[in-house]
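Visitor: What follows is a predicted structure for the sequence shown.
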Amino acid sequence: MTFENLKIVAPIIKALSSQWYTTPTPIQEKSIPIVLEWKDVFGCAQTGTGKTASFAIPILQLLYNVEQNSPTSKKDTKRIKALILTPTRELAIQIGESFSDYGGNTGISHTVIFGWVGQAPQVKILRRWVDVIIATPWRLLDLVNQKHINLAFIQMFVLDEADRMLDMGFIHDIKKVLAKLPTKRQSLFFSATMPPAIMELAHTILKDPIKIIVSPVSSTVETVKQSLYFVEKVNKKELLIHLLKDTSIESALVFTRTKHWADKVSKNLMKAGIATAAIHGNKSQTARQNALQNLKNKKIRVLVATDIAARWIDINELSHVFIYDIPTEPETYVHRIWRTGRAWAKWVAIAFCDHDEKKYLKEIIKVIKQEIPVIEDHPYHSKWWDALAPRPNLSAHSHQKKPLSKSSKRYFHKKK
């Protein structure tokens with residue numbers, strides 16, 4: 001299957017070829033033909049599967065076809081035709097770059113709208129002819145209320161990363177945006193997970209949608225080599241430094257649970273002589289963009305991030321992901337290791353688990369339906385894990401109880 005087989009128009013094919021894109025991913029192969037038929041889509045796919053192109057390419061083509069058939073429509077500068085709503089500035093910028101890459105030969109214009117920067121340059125662009133707006137909720141609503149943006153003529157609406165939208169508390173803003181859109185429109189809804197709240201939101205947005213599910217949340221990336229290190233919480237930073245002494249680890253992303261720990265881990269690595277930067281919601285837009293660019297340019301070797309900040313990092317050069325804190329939700333673990341599961345190379349995901357996180361690990365194994373190999377050959381191997389002999393089988397597929405050894409009985413007796 002190629003993009004030509006999907007009947008993509010020549011200007012977009014030319015742009016894709018210049019980017020060395022020839023073969024669509026599964027989500028693109030399934031979504032593009034449906035979007036080109038002006039049907040609503042409910043797409044569920046993990047980060048890194050090519051969701052952006054699955055809606056950006058057909059939107060550009062549909063608008064290009066409209067312009068070709070009705071060139072005078074460009075005279076109405078107030079009629080924005082497509083709106084992509086996304087949760088963060090980083091993702092909005094990345095989507096904007098995709099529209100530039102794919103649509104450079106189509107004549108379709110777009111702009112990116114987000115907060116925490118001055119609105120004047122954004123308003124100046126909006127006064128010109130703009131076909132597509134890629135926006136975060138708060139700044140979009142602010143400019144709508146100021147009459148700088150009119151959503152009354154939107155033909156296509158995309159809600160991207162819907163699950164994170166809800167996680168970040170944007171549900172009320174989403175509803176406000178929906179109230180300003182025309183009833184007759186095409187709607188595309190993309191999410192990495194499908195909890196009940198997401199399904200309920202999708203029903204309020206979509207009309208007779210075609211559901212497309214690629215790489216369900218219970219699956220993990222086959223090309224990712226996973227490993228597990230049992231370590232005391234106080235020794236995690238030493239273990240991370242120990243592993244990063246391996247110079248074959250060219251670039252790494254470290255996940256922490258909180259912003260505070262992201263900063264702390266980053267400082268510890270810097271003290272150890274490992275070029276590192278932290279990225280999270282408290283960092284400025286400039287600081288975050290600089291950190292990403294420095295990692296791509298190999299000026300730094302490690303990026304430490306929280307889940308929300310790292311969810312939209314798109315760095316194909318990553319070789320390793322370190323899960324410093326075991327996540328409380330199994331789906332989050334899948335999202336984290338997907339940061340390395342890109343393209344077709346072999347990648348490595350390493351998780352650190354302390355005693356208090358064992359319960360979260362059990363849930364992860366149930367969801368991914370596979371065991372994670374345990375690495376014991378390291379100087380910080382946890383004593384509590386050694387105390388459990390024989391070792392408990394964490395596999396979801398094993399239900400046989402084995403008798404405890406004397407050492408295990410003494411351990412549990414002391415715990416009581």
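Guide: All right, it came through fine.
Visitor: Which residue is the nearest non-sequential neighbour of residue 99?
Guide: residue 110 (4.6 Å; Cβ to Cβ, 6 or more residues apart in numbering). From N, CA and C alone the C-beta is placed, and that goes for glycine too.
Visitor: what residues are up against the one you found?
Guide: 96, 99-100, 103, 130-134 (Cβ atoms under 8 Å, 6 or more residues apart in numbering).
Visitor: For residue 305, state which of the residues you listed is nearest.
Guide: Set against residue 305, the nearest of those by Cβ to Cβ is residue 96 (21.2 Å).
Visitor: picking up where we left off before, the contacts of residue 110, buried ones only, as a ChimeraX selection?
Guide: The following ChimeraX line selects those of the contacts of residue 110 that are buried, judged by 16 or more other Cβ atoms under 10 Å:
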select :96,99,103,130,131,132,133,134
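Visitor: List the ones among the contacts of residue 110 that fall in strands.
Guide: 132-134 (DSSP state E).
Visitor: so residue 375 sits right up against residue 228, yeah?
Guide: Yes: under the criterion of Cβ atoms under 8 Å, residue 375 makes contact with residue 228 at 6.8 Å.
Visitor: Mind checking which of those two has more residues around it?
Guide: Just comparing residue 375 and residue 228: by other Cβ atoms under 10 Å the higher neighbour count belongs to residue 228, 22 against 13.
Visitor: what number of residues lie near the nearest residue to the more buried one once chain neighbours are set aside?
Guide: Distance criterion Cβ to Cβ, 6+ apart; nearest residue to residue 228, sequence neighbours excluded, is residue 372 at 4.4 Å. Counted with other Cβ under 10 Å, residues neighbouring residue 372 total 21.
Visitor: Could you check the pLDDT of residue 372?
Guide: Here the pLDDT value assigned to residue 372 is 89.
Visitor: on that earlier part again, let's have the ones in strands among the contacts of residue 110 in JSON lines, adding distance to residue 241.
Guide: Putting the ones in strands among the contacts of residue 110 into JSON lines (distance: Cβ to Cβ, whole Å) gives the following:
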{"residue": "132", "distance to residue 241": "45"}
{"residue": "133", "distance to residue 241": "45"}
{"residue": "134", "distance to residue 241": "39"}
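Visitor: Residue 272: which of the residues you listed is nearest?
Guide: Nearest member of the ones in strands among the contacts of residue 110 to residue 272, counting by Cβ to Cβ, is residue 134, at 39.2 Å.
Visitor: ok, residue 349 - contacts?
Guide: 224-227, 320-321, 323, 336-337, 340.
Visitor: What segments of the stretch 1-150 of the chain are strands?
Guide: Remark: strands assigned in the stretch 1-150 of the chain by DSSP state E, counting those that start in this stretch are 41-44, 82-85, 110-113, 132-135.
Visitor: Longest helix in this protein, please.
Guide: Taking DSSP state H as the criterion, the chain has its longest helix at helix 51-69.
Visitor: In that helix, which residues are buried?
Guide: Buried residues in helix 51-69, defined by neighbour count with 16+ other Cβ under 10 Å: 51-64, 67.
Visitor: what mean pLDDT does that helix have?
Guide: Averaging pLDDT along helix 51-69 gives 92.
Visitor: Please apply the same query to stretch 202-215.
Guide: 91.
Visitor: What are the contacting residues of it?
Guide: 25-27, 30-31, 34, 39-46, 49, 157, 159, 162, 178, 187, 189, 191.
Visitor: How about the contacts made by the residue nearest to residue 64 when sequence neighbours are not counted?
Guide: Nearest residue to residue 64, sequence neighbours excluded (Cβ to Cβ, 6+ apart): residue 106, at 4.4 Å. Counting by Cβ under 8 Å, 6+ apart, residue 106 touches 9, 11-12, 60-61, 63-64, 67.
Visitor: Turn these into TSV, columns for distance to residue 145.
Guide: Below are the contacts of residue 106 laid out as TSV (distance: Cβ to Cβ, whole Å):
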residue	distance to residue 145
9	37
11	36
12	35
60	29
61	32
63	26
64	31
67	30
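Visitor: Tell me which two of these sit farthest apart.
Guide: Largest separation among these by Cβ to Cβ: 12 and 67, giving 13.2 Å.
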